[in-house]
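> My questions are about this predicted structure, shown below with the sequence.
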Amino acid sequence: MAVDSKVKEVTETRTDFNNKEAEEVLISFDEDLEITGDEVEIATKEELKEMPVIMSIENLNKEYSKGKSVLKDVNFEIKQGELLSIIGPSGAGKSTLLRSINRMIEPTSGKITFDKQNITNVKGRDLRNMRTNIGMIFQHYNLVDRLSVFENVMHGTLGYKNSLQGIFSLYTESEKEEAIDIITELGIEDHIYKRCDELSGGQKQRVGIARALVQKPKIILCDEPIASLDPSSSRVIMEHLRKICSEKGITVIVNLHQVDVAKNYSDRIIGLNSGEIVFNGHPTEINKEVIQAVYGTDFDDLIME
Amino acid sequence: MSKTSTINANEITIIQKKNLYLLLTVVVIVGLIMLAGYITEYSHVEGIMSIPAAMSWMASNMWFSQSTLSNLGSVMRLLWETILISIVSTTTAAVFAVVFALLGSKLTYINKPLMYAAKIVASISRNIPVVAWALILVISFGTNSMTGFLALFFGSFGFLVRAFLETIDEGSEDSVEALKATGATYWHTIFKAVLPDSMPQMFSWILFMIETNIRSATLVGLLTGTGIGYLFDLYYKQLNYEMVSLITLAIVLAVLVIEAISNIIRREIL
């Protein structure tokens, strides 16, 4: 009976996950309950206020071509150990914002401070150093498909190596052991020798997470991590990200399409529309007006996935 | 059912338009064939009618006898030489092509001037046909295997750079991005992402090029006086058609065997 009520509770709070496939989702929830059994706990507003700042972004602008701004004067702070979701319609500049943080895209102007260091203009060795501290996972996983899971995960250590060490795969024993620990934690230890193109989407994304964790990052950036996944894999991935954040204290920044997922898992949500921040607050503060401002449509018109 | 759409089905003319274009294309092609035949005084009917006569001539003159078959040894030796030259020139070209492709790819270029230089060199080498290369080189190097090798080398090099470049551009963008984001160096991205991603496709192109080169080697040999092409030319000019047909058959069989082998390799690596 206890399990029964638990299942009901979860489905009630999360029917929004995918109404159409409620049954299928319910089954996967059942499975997951056995594995994690955890309730999602997010930080309260007060707790959030007390968190130290790890990164601040000031007056960030990005123009791909002259006069066409993708990001317009974006200002916000990222707290250490929070799970921050960035929501917004397609083309709002979510990806550009995320990639500006680790300088995969060069911002046109603005200032990014990470760990009290100005990283806006770092180059060469310093840039690589900064990137090792910031892990990244992608919508399309961006793994080297022909290499094994283990090799892909080990790529996370490349930032610490010089070119020759990297080319000849000179990983230390402790690095390998750590990688195995992380792989086991994410539940993909059975696939360690498999080539990545043999894996399912959800498994690939967990390899992506493992690769990011091996970097020993302070921040993990996630660019639409669940946009190519089915509802049950999506949930596994979000749960892992939440765990990484809560248990390891790593700051996680997630670009998301699904408002309800963002509400469920984040400590804070930023709403982006046409390159401008239109909302920055606690998930409980999301209401019809906020949705209207972010997406330009009514809440009821959104497909809830 | 009530009609909800305001668009009238017979107002949509896109399919009729497509059909009209198709009809026009067919008319234009047939017209061009007629025109070309008229200008060159070539009759398609006569051309087709002459096929049976040509066939019977070939059957009577090119059917080789036992005595011709005794020359098989020398044919095989030169065929082997031709195959080796093709393989050596292709693989050598491939080594250089990888470097040029890395320099020329928008994913892995080191700097813009070098990128354009690599692309231009490859383009020049590709756009001069292999026969032209043979003719140019035979003047400066004379008739020997080296000339044949170089002609095939330049022809393959240009093509392989292009093929490798596209392989790199298509296959590695995502993984290169991921590796860069981990703080990997340029050489890490090349050896850990670009090459593992593109190697099988590159091998496939090399195999394709070896096949092509064995075919071209015959023609190149004819011009540079080396390999099986030279032998072909020799007997052809002596009007020894039986030997010509034996050589042709040997080449066809060699190409088929090489193609079969490379298909097996391809299946294994892809």
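Arrived safely.

> Identify each of the helices in the stretch 51-200 of chain A and give its residue range.
A:94-101, A:124-132, A:149-154, A:163-167, A:173-185 (DSSP state H, counting those that start in this stretch).

> Can you list the buried residues in the helix or strand B:Thr212 falls within?
Taking DSSP states H and E as the criterion, B:Thr212 maps to helix B:195-224. Within helix B:195-224, the residues scored as buried using 16 or more other C-beta atoms under 10 Å in any protein chain shown are B:195-198, B:200-214, B:216-218, B:220-224. Every residue, glycine included, has its C-beta placed from N, CA and C.

> lowest average confidence, helix or strand, in the chain?
As the question left the chain open, I've gone with chain A. Ranking every helix and strand in chain A by mean pLDDT, DSSP states H and E puts helix A:22-35 at the bottom, with a mean of 39.

> ah, no, chain B please
helix B:66-69 (a mean of 76).

> which of the buried residues of helix B:195-224 come close to chain A?
Restricting the buried residues of helix B:195-224 to those touching chain A (C-beta under 8 Å from any C-beta of the partner chain) yields B:Pro196, B:Asp197, B:Pro200.

> what's near enough to touch the first one?
Remark: with contacts taken as C-beta atoms under 8 Å, 6 or more residues apart in numbering or on different chains, B:Pro196 is in contact with A:Val144, A:Arg146, A:Leu147.

> What's the PyMOL syntax to select whichever of the residues you listed are buried?
In PyMOL, this line selects whichever of these come out buried by 16+ other C-beta under 10 Å:
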select buried, chain A and resi 144+146+147
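
> Out of the contacts of B:Pro196, which is nearest to A:Leu97?
A:Val144 (26.3 Å; C-beta to C-beta).

> wait, doesn't that closest one sit right on A:Glu151?
Yes. Using C-beta atoms under 8 Å, A:Val144 is in contact with A:Glu151, at 7.3 Å.

> ok, and which of the helices of the stretch 51-200 of chain A has the densest surroundings?
helix A:149-154 (a mean of 24; mean count of other C-beta atoms under 10 Å in any protein chain shown).

> so how far is that helix off the chain centroid?
20 Å (C-alpha atoms, centre = their mean, to the nearest Å).

> tell me which strands and helices that helix is in contact with?
Contacts defined by 3 or more C-beta pairs under 8 Å, 6 or more residues apart in numbering or on different chains; DSSP states H and E place helix A:149-154 against helix A:173-185, helix A:201-214.

> For the stretch 151-300 of chain A, which segments count as strands?
In chain order, the stretch 151-300 of chain A shows strands spanning A:219-223, A:251-256, A:268-273, A:276-281, with DSSP state E, counting those that start in this stretch as the criterion.

> Can you lay out the ones next to chain A among the buried residues of helix B:195-224 as JSON lines showing pLDDT?
Listed next are these as JSON lines, based on pLDDT from 0 to 100:
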{"residue": "B:Pro196", "pLDDT": "92"}
{"residue": "B:Asp197", "pLDDT": "91"}
{"residue": "B:Pro200", "pLDDT": "90"}
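
> Could you list the low-pLDDT ranges of the stretch 1-150 of chain A?
Applying pLDDT under 70 to the stretch 1-150 of chain A flags residues A:1-39.
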